[in-house]
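Asker: Provided below for reference: sequence and predicted model.
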Amino acid sequence: MVARLGVRASCRRRRGDLCLEAVRKGNSLMRRVVRSAWKLTLVIALAAGAVRAQDAKSAAPQTGMHETQTVPLKKNPAPTHRFWDKQNIILFAGVGVARGLDYSSTLNLRRRGNNEVLLDNATVDNHAEFAAIEAATAAASAGLSAIWHYTGHHKLERWTSYVHIGVTLAGAGRNYALKTQHPAT
C-alpha cells in the first residue's frame, strides 16, 4: 500500500510526464494475468484429455466375460470435418486480418504519443519485431485450434478463432479510440 501511494504521489508531482513506475507495475500485472490464463488453459486441456481417456477405458470389454456375451458397439460417431475446411480457412483469415488491424492501430497509437499497455514501447517501435509477434500470435491461434481439432473438441476449435477475432478487434478499436497525448506547454 505504501509503495502504491509513493507511485501516486510521484505521479502528482510530475503532472505532464509519464509515470513510468505505474506503467511498469501495470505491465507486470498484465504479464501475471496472461501467465495465469495460459496455465488455466493448460489445466482445462489436460482435464478434458483425462476425461476422454476415462471414457475410452469404460468402453473396453471387461475381463472374465463369457464368450457368448458381446459388448454392444457404439453407434457411428458424428461425422468430423477436415481441419482445413472452408469455415476454418475463413476463421484463420479473420484472425490474420484482425492481427493486421491490431498492428496498424498500435503503430497509430504510438505515433500519437500514447503508450502500449501489453508490450513495452521499444518492442512496438521495432516494426519487424512487432510484426513477428503479431504473426506468431496468429499462428499460435491456429495451432491451438489444431490441438482442439485433433483431440476431438470441435466446438472449442471454432470458438478459439471467434474469441481471438473478437478480443483483437476490441483492442484495435480501443487503440483508435484513445485520445492523442498532447505535450504540456
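Answerer: Yes, it's here.
Asker: is it true that residue 145 touches residue 157?
Answerer: Yes. Contact criterion CB atoms under 8 Å: residue 145 and residue 157 qualify, at 4.7 Å. Quick note: C-beta positions are derived from backbone N, CA and C, even for glycine.
Asker: Kindly point out which residues are neighbours of both of these two.
Answerer: Contact with both residue 145 and residue 157 is made by residues residue 88, according to CB atoms under 8 Å, 6 or more residues apart in numbering.
Asker: Settle this for me: residue 48 is touching residue 153, isn't it.
Answerer: Yes. Taking CB under 8 Å as the definition, residue 48 is a contact partner of residue 153 at 6.5 Å.
Asker: Settle it for me: which of these two has more neighbours?
Answerer: The residue with more neighbours, out of residue 48 and residue 153, is residue 153; 19 against 15, by other CB atoms under 10 Å.
Asker: for the more buried one, phi and psi?
Answerer: As for residue 153, its main-chain torsions (degrees, to the nearest 10) stand at phi -100, psi 80.
Asker: For it, give me its contacts.
Answerer: Residue 153 neighbours (CB under 8 Å, 6+ apart): residue 48.
Asker: how close does it get to residue 147?
Answerer: As judged by CB to CB, to the nearest Å, residue 153 and residue 147 stand 8 Å apart.
Asker: Over to residue 157?
Answerer: Separation of residue 157 from residue 147 (CB to CB) stands at 8 Å.
Asker: Of these two, which one has the most company?
Answerer: residue 157 (22 against 13).
Asker: Secondary structure element holding that one?
Answerer: Under the criterion of DSSP states H and E, residue 157 resides in helix 154-177.
Asker: Show me the strands in this structure, by range?
Answerer: Shown for the chain, no strands are assigned by DSSP state E.
Asker: Could I get the full set of helices for it?
Answerer: Using DSSP state H, the helices of the chain run over residues 2-13, 20-59, 86-111, 121-125, 127-150, 154-177.
Asker: where does the protein have low pLDDT?
Answerer: Within the chain, the segments meeting pLDDT under 70 span 1-30, 50-79.
Asker: Using the record's assignment, carve it into domains.
Answerer: Taking automatic domain parsing as the reference, the chain has its domains at 1-54, 85-185.
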